[in-house]
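Colleague: Dropping the sequence and predicted coords here.
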Amino acid sequence: MKIGCPREIKNHEYRVGLTPAAVRAYVAAGHELFVEEGAGAGSGITDEEYVAAGATILATADEVWHEAEMIVKVKEPLAAEYSQMKEGQLVYTYFHFAAAEALLQACLERGITALAYETVKEADGSLPLLKPMSEVAGRMAPLMGAFYLSRPQGGRGTLPTGVPGVAPANILVIGGGVVGYNAARVASGLGARVMVLDVNQSRLEYLSHIMPANCFPLYSDAHSLEEGLRDADIVIGAVLIPGAKAPRLIRRDHLSLMRPGAVFVDVAIDQGGIAETSHPTTHSDPVFVVDNVIHYCVANMPGAYARTSTYSLSNYTTAYGLKLAARGVEACRGNAPLLGGLNVHRGKITCLPVAQAFGLEALYVDPEEALSL
Ligand SMILES: NC(=O)C1=CN([C@@H]2O[C@H](COP(=O)(O)OP(=O)(O)OC[C@H]3O[C@@H](n4cnc5c(N)ncnc54)[C@H](O)[C@@H]3O)[C@@H](O)[C@H]2O)C=CC1
Ligand SMILES: CC(=O)C(=O)O
Ligand SMILES: [Mg+2]
């Protein structure tokens, strides 16, 4: 199969879909690889490394999109890329459709097959292609929170670590999955007093076994949420209902409970965010203030630490990508994890929570059935 990897064009997005090791694996499996000139530069990967691994370098994104039957990317296609997508093309990347109606319409109209990293789901319920970037964003979240908590950034001026004689910060993590665990781990390591809220009791049990004594996993309900918001210096949004729009757990009036100058890092922003007041921001303009609470809502957090993120993402995506490349979309037949990743195929929506997010149930077709369209 002809596989293409264009340069990412999102604001300060320095990741790239393929590492040289991934190129080598696809080439060894008999595929032809096309990488856009300079695509790896943001991650410290040169064109020469891709060529040594067996890829052909193409000068423009247009050529890559035109040549490839399968595109391997990181971020969702942006408006400038919609017209480059071609009918029947398999696009393997993050899409986060539930927060992106225009993108959904473009993918339906262009007739592409969208295989979304974020909904590939293993039998144990894990999301193996979301996990690596959730690990990065989760570990970043308390660090971003700590930065904006300083007075020059408009924050409360509490040093998260505390000092002898003065208490550390309180950090509230809402959602104790991959982002939540990683955020809580870093926050605990900083010495903060950490609360993690989740509704999954077995997850809470697990966290209570493995987390240190300054981390308190608690059941998430209206009461624990309000108590947590009242005390928090940093709040981290880490809730996910796979494929669906994030539940709006934090209402505008909740902000008045919070300490002035507190920081809210809404990692779940790529699925729409967990607060009524959240909207996506960029690395070049990451924060805004509502009711004295600093909101950090960057939808591509891992792009900032691109080298780590690119290598980690590619380590996970390549095994599934090789299966897709071997048989095209037919690789999804009978393969539950890949079927879970199928979001759009031949003008139909094949992920129910995505259809439900926009009242487009009429366009929904079961993914296995869609393969026979
Ligand atoms: N902004 C960015 O750059 C990035 C954003 N993300 C996003 O972060 C979000 C979280 O991802 P993961 O941690 O990997 O998901 P996950 O599925 O591992 O964890 C989500 C957790 O939320 C819990 N949850 C569900 N409803 C809840 C409620 N009402 N209250 C409390 N907890 C609840 C679940 O039980 C689960 O443990 C996703 O939207 C993901 O796309 C991930 C990476 C980068
Ligand atoms: C998961 C995601 O949205 C990201 O890594 O940017
Ligand atoms: Mg994102």
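Modeller: That came through, no problem. Ligands and ions are numbered 1, 2, ... in the order given.
Colleague: For the rest of this, base every contact and every neighbour count on C-alpha atoms.
Modeller: OK.
Colleague: what are the ranges of the helices in the stretch 251-373 of the chain?
Modeller: 306-327, 336-341, 352-357, 367-370 (DSSP state H, counting those that start in this stretch).
Colleague: now for the longest one, which elements pack on it?
Modeller: Counting contacts by 3 or more Cα pairs under 8 Å, 6 or more residues apart in numbering; DSSP states H and E, the secondary-structure elements packed against helix 306-327 are helix 20-28, helix 131-148.
Colleague: got it, and the last one?
Modeller: Judged by 3+ Cα pairs under 8 Å, 6+ apart, helix 367-370 is in contact with helix 336-341, strand 342-345.
Colleague: what about 10 Å?
Modeller: Packing partners of helix 367-370 (3 or more Cα pairs under 10 Å, 6 or more residues apart in numbering; DSSP states H and E): helix 336-341, strand 342-345, strand 348-349.
Colleague: Return the distance of the second one from the chain's centre.
Modeller: With Cα atoms, centre = their mean, to the nearest Å as the basis, the distance from the averaged C-alpha position of strand 342-345 to the chain average is 18 Å.
Colleague: what comes up buried for it?
Modeller: 342-345 (16 or more other Cα atoms under 10 Å).
Colleague: ok, back up a step: for the helices and strands packed on helix 306-327, give me CSV that also has mean neighbour count and distance to ligand 3.
Modeller: CSV is the format used below for those (neighbours: other Cα atoms under 10 Å; distance: least, Cα to the ion, whole Å):
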stretch, mean neighbour count, distance to ligand 3
helix 20-28, 20, 22
helix 131-148, 24, 9
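Colleague: could the ones you listed be laid out in CSV, adding mean pLDDT?
Modeller: Output for the helices and strands packed on helix 306-327, formatted as CSV (pLDDT from 0 to 100):
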stretch, mean pLDDT
helix 20-28, 98
helix 131-148, 98
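Colleague: what's the closest of those to ligand 1?
Modeller: helix 131-148 (3.8 Å; Cα to the nearest ligand atom).
Colleague: ok, the helix or strand that that closest one is followed by: who's next to it in the sheet?
Modeller: Downstream of helix 131-148, the first helix or strand assigned by DSSP states H and E is strand 170-174. In the sheet containing strand 170-174, its partner strands are strand 193-198 (parallel), strand 234-237 (parallel), by DSSP bridges.
Colleague: Just say which of those is most tucked in.
Modeller: For these, the largest average neighbour count (mean count of other Cα atoms under 10 Å) is found in strand 234-237, namely a mean of 30.
Colleague: Let's see that strand as PDB, backbone CA atoms only.
Modeller: C-alpha atoms of strand 234-237 as PDB (Å, rounded to 0.1, in the frame of the first residue of the first chain):
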ATOM      1  CA  ILE A 234      -5.300  23.600  40.600                       C
ATOM      2  CA  VAL A 235      -8.100  21.600  39.000                       C
ATOM      3  CA  ILE A 236      -7.400  19.100  36.200                       C
ATOM      4  CA  GLY A 237     -10.200  17.900  33.900                       C
END
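Colleague: can I assume Cys107 is in contact with Glu87?
Modeller: Yes: the criterion here is Cα atoms under 10 Å, and Cys107 meets it with Glu87 at 9.3 Å.
Colleague: Could you report the distance from the closest residue to Asn315 other than its chain neighbours to Met211?
Modeller: Once flanking residues are discounted, Asn315 sits nearest to Ala22: 7.8 Å by Cα to Cα, 6 or more residues apart in numbering. Look at Ala22 and Met211: by Cα to Cα, to the nearest Å, they are 34 Å apart.
Colleague: ok now do the closest residue in space to Leu339 that isn't next to it in sequence, which residues does it touch?
Modeller: In this structure, Leu339 finds its nearest non-sequential neighbour in Cys332, 5.1 Å apart by Cα to Cα, 6+ apart. Counting by Cα atoms under 10 Å, 6 or more residues apart in numbering, Cys332 touches 115, 323-324, 338-342, 367-368, 371.
Colleague: repeat for Leu204
Modeller: So Leu204 contacts 176-177, 196-198, 216-220 (Cα under 10 Å, 6+ apart).
Colleague: hang on, the earlier thing: quick check, pLDDT for the residue nearest to Leu339.
Modeller: Note on Cys332: pLDDT of 98.
Colleague: Likewise for Asn170?
Modeller: 98.
Colleague: need the residues of the protein near ligand 3, please.
Modeller: Contacts of the chain with ligand 3, taken as Cα under 5 Å from the ion, map to 270, 299-300.
Colleague: With neighbour count, distance to Ala98 and pLDDT added, can I get these in CSV?
Modeller: Formatted as CSV, those follow (neighbours: other Cα atoms under 10 Å; distance: Cα to Cα, whole Å; pLDDT from 0 to 100):
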residue, neighbour count, distance to Ala98, pLDDT
Asp270, 23, 9, 95
Ala299, 24, 13, 96
Asn300, 24, 16, 96
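Colleague: how much space between the residue of the stretch 151-300 of the chain found nearest ligand 2 and Glu8?
Modeller: Going by Cα to the nearest ligand atom, ligand 2 is nearest to Asn300 of the stretch 151-300 of the chain, at 3.6 Å. From Asn300 over to Glu8 the distance is 11 Å, taken as Cα to Cα.
Colleague: Touching both of those two, which residues are there?
Modeller: 14-15, 74-75.
Colleague: May I see the helices and strands packed on helix 306-327 organised as JSON lines, with distance to Lys121 added?
Modeller: What follows is the helices and strands packed on helix 306-327, written out as JSON lines (distance: least, Cα to Cα, whole Å):
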{"stretch": "helix 20-28", "distance to Lys121": "21"}
{"stretch": "helix 131-148", "distance to Lys121": "11"}
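Colleague: among those helices, which is nearest Phe34?
Modeller: helix 20-28 (9.2 Å; Cα to Cα).
Colleague: Can I get that closest one in CSV, CA atoms only?
Modeller: Taking C-alpha atoms only, helix 20-28 is exported to CSV below (Å, rounded to 0.1, in the frame of the first residue of the first chain):
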residue,chain,number,x,y,z
PRO,A,20,12.1,6.3,11.0
ALA,A,21,11.6,3.0,13.0
ALA,A,22,7.9,3.0,11.9
VAL,A,23,8.9,3.7,8.3
ARG,A,24,11.3,0.8,8.4
ALA,A,25,8.6,-1.5,9.7
TYR,A,26,6.1,-0.5,7.0
VAL,A,27,8.7,-0.8,4.3
ALA,A,28,9.8,-4.2,5.6
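Colleague: Fine, thanks again, bye for now.
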